[in-house]
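Colleague: Fold the stuff below for me.
(one chain, ligands or ions: 1)
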Amino acid sequence: MLIHDAYLQLSMSPKEYIEQIDTYEYSTREQFINKLPKVVISRCPLCDALYTGPIDMHTLWDWRYVLDSPPLPRDPHFYTEGKFESVGCDHFFTVQPFLNMNQRIPSEMDEFVNGFHVPFVSDWMVPDNRSVIAVIHSMAVCRLEKSDGTAFDFYTAEFENLPQTLDGMEERSYRELHPIDMDMLHPHLADAKFVPRYTAYAITYWGEKTDRDAIYNAKMQPQIANMDREDSPFDLIWLSAMPVKKSDPQYDLRTWVERGKLQWLDITDDGLPLKSGTVEEFPYADIPFDQDTAGRVWY
Ligand SMILES: [Zn+2]
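Modeller: Below is the predicted model of the structure:
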């Protein structure tokens, strides 16, 4: 079983989904989010409480980061300080989303920017003398495809044979997706399916308040104090924390499991129970770095 097939929840048919995109405006974003499935994103390792929220597993549409647009209410975070999510306890610290392309080029999107591909555990978030623990979970993200191999292209709003290299992609530029010719698309959508192609990961940090406060004050407050009020503090802190070398030990998730600082949700069990300690069962030890056939890393 491929990891990215394991945990998939869809709430719309292809037709319903494209109709949502067709009428999408920033002002109706809340309506779009409310149509998404509300899924388990993590579970507290201290008290087993659930963290749930709306996640778009249908396509990459809700994962795009559009340059020069108004900031989206929850982009690129999952977490909006409780606006759309539920966290069942007081141990939640923060969550970092990742989107792994499984070595595909996301050529159905235009100007798709993906900041974090491969999950890592930030060492300063989980010091040995603190209760803070990370929990990883994965979710499938699909592409809308027909049986003839074509896929819905958000750039042309038609089903196309998508390019599989980055060549020529720089010619694509962002445009609004209006209008979509629904009459023309309708017969194609009837034959289309959401096919798992990508994998989203959430690494959620949990801990006792005294420990969270100590880490926040020591490591985050000094950086936040220097930021523009418009900036999203966690985004910028994560960007500065991102290890740039594949060999950085923060990417070595197996070692974090051995050290007791990383647990995971068991996606082979419908109840999604927490698992810890048993490195042999840990399913996320070898997540690939995204690159194209020429070895270029997609960013
Ligand atoms: Zn808890």
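
Colleague: Give me the below-cutoff pLDDT ranges for the protein.
Modeller: For the chain, applying pLDDT under 70 flags the ranges 1-6, 26, 65-82, 111, 113-115, 165-179, 227-240, 290-299.

Colleague: mind listing the helices for it?
Modeller: Taking DSSP state H as the test, the helices found in the chain are 3-6, 14-22, 29-35, 182-190, 209-215, 221-225, 233-241, 253-258.

Colleague: ok, for the residue in the stretch 101-250 of the chain that the ion sits nearest to, nearest residue in space, not its chain neighbours?
Modeller: Nearest to the ion, among the residues of the stretch 101-250 of the chain, is W206, at 6.2 Å (Cβ to the ion). To be clear about C-beta, it is placed using only N, CA and C from the backbone, and glycine gets the same treatment. Residue nearest to W206 in three dimensions, not counting chain neighbours: H91, with 4.6 Å by Cβ to Cβ, 6 or more residues apart in numbering.

Colleague: for Q164, same thing?
Modeller: I105 (5.8 Å).

Colleague: now P243
Modeller: The nearest residue in space to P243 (Cβ to Cβ, 6+ apart) is Q250, at 4.9 Å.

Colleague: Number of residues surrounding that neighbour?
Modeller: 19 (other Cβ atoms under 10 Å).

Colleague: In the chain, which residue sits furthest out from the middle?
Modeller: Distance from the centre of the chain peaks at D183, with 32.1 Å (Cα atoms, centre = their mean).

Colleague: contacting residues around it?
Modeller: By Cβ atoms under 8 Å, 6 or more residues apart in numbering, no residues touch D183.

Colleague: do the same with M182
Modeller: By Cβ under 8 Å, 6+ apart, the contact list for M182 reads I18, E19, D22.

Colleague: Turn the helices of the chain into a markdown table, including distance to the ion.
Modeller: Putting the helices of the chain into a markdown table (distance: least, Cβ to the ion, whole Å) gives the following:
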| stretch | distance to the ion |
| --- | --- |
| helix 3-6 | 25 |
| helix 14-22 | 34 |
| helix 29-35 | 25 |
| helix 182-190 | 42 |
| helix 209-215 | 11 |
| helix 221-225 | 23 |
| helix 233-241 | 20 |
| helix 253-258 | 20 |
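
Colleague: So for S138, which of those helices sits nearest?
Modeller: Among the helices of the chain, the nearest to S138 by Cβ to Cβ is helix 3-6 (5.6 Å).

Colleague: quick one on the thing from earlier: give me the buried entries from the contacts of M182.
Modeller: Among the contacts of M182, the ones that count as buried by 16 or more other Cβ atoms under 10 Å are I18, E19.

Colleague: Can you tell me which of the contacts of M182 is closest to M57?
Modeller: Nearest to M57, judged by Cβ to Cβ, of the contacts of M182 is I18 at 15.5 Å.

Colleague: and the closest one, what is it in contact with?
Modeller: Shown in contact with I18 (Cβ under 8 Å, 6+ apart): L144, F152, I180, M182, L185, L189.

Colleague: End to end on stretch 122-134, go ahead and measure it.
Modeller: In stretch 122-134, first residue to last residue: 9 Å (Cα to Cα, to the nearest Å).

Colleague: List the buried residues in that stretch.
Modeller: Buried residues in stretch 122-134, counting neighbours by 16+ other Cβ under 10 Å, are found at S122, M125, V126, R130, S131, V132, I133, A134.

Colleague: pretty sure L253 is in contact with V279, am I right?
Modeller: No - the criterion here is Cβ atoms under 8 Å, and L253 misses it with V279 at 9.6 Å.

Colleague: more crowded one of the two?
Modeller: Between L253 and V279, counted using other Cβ under 10 Å, L253 has the larger neighbour count: 25 against 11.

Colleague: For that one, which non-adjacent residue is spatially closest?
Modeller: Nearest one to L253, counting by Cβ to Cβ, 6+ apart, is Y284 at 5.5 Å.

Colleague: what about that neighbour, how many residues close to it?
Modeller: 20.

Colleague: and if you look at P273?
Modeller: Number of residues near P273 (other Cβ under 10 Å) recorded here: 12.

Colleague: and the gap between it and P37?
Modeller: Going from P273 to P37 by Cβ to Cβ, to the nearest Å gives 20 Å.

Colleague: Can you show me the strands along the chain?
Modeller: Under the criterion DSSP state E, the chain contains strands at 38-43, 50-54, 86-87, 92-100, 133-146, 151-153, 158-160, 192-206, 262-265, 274-275.
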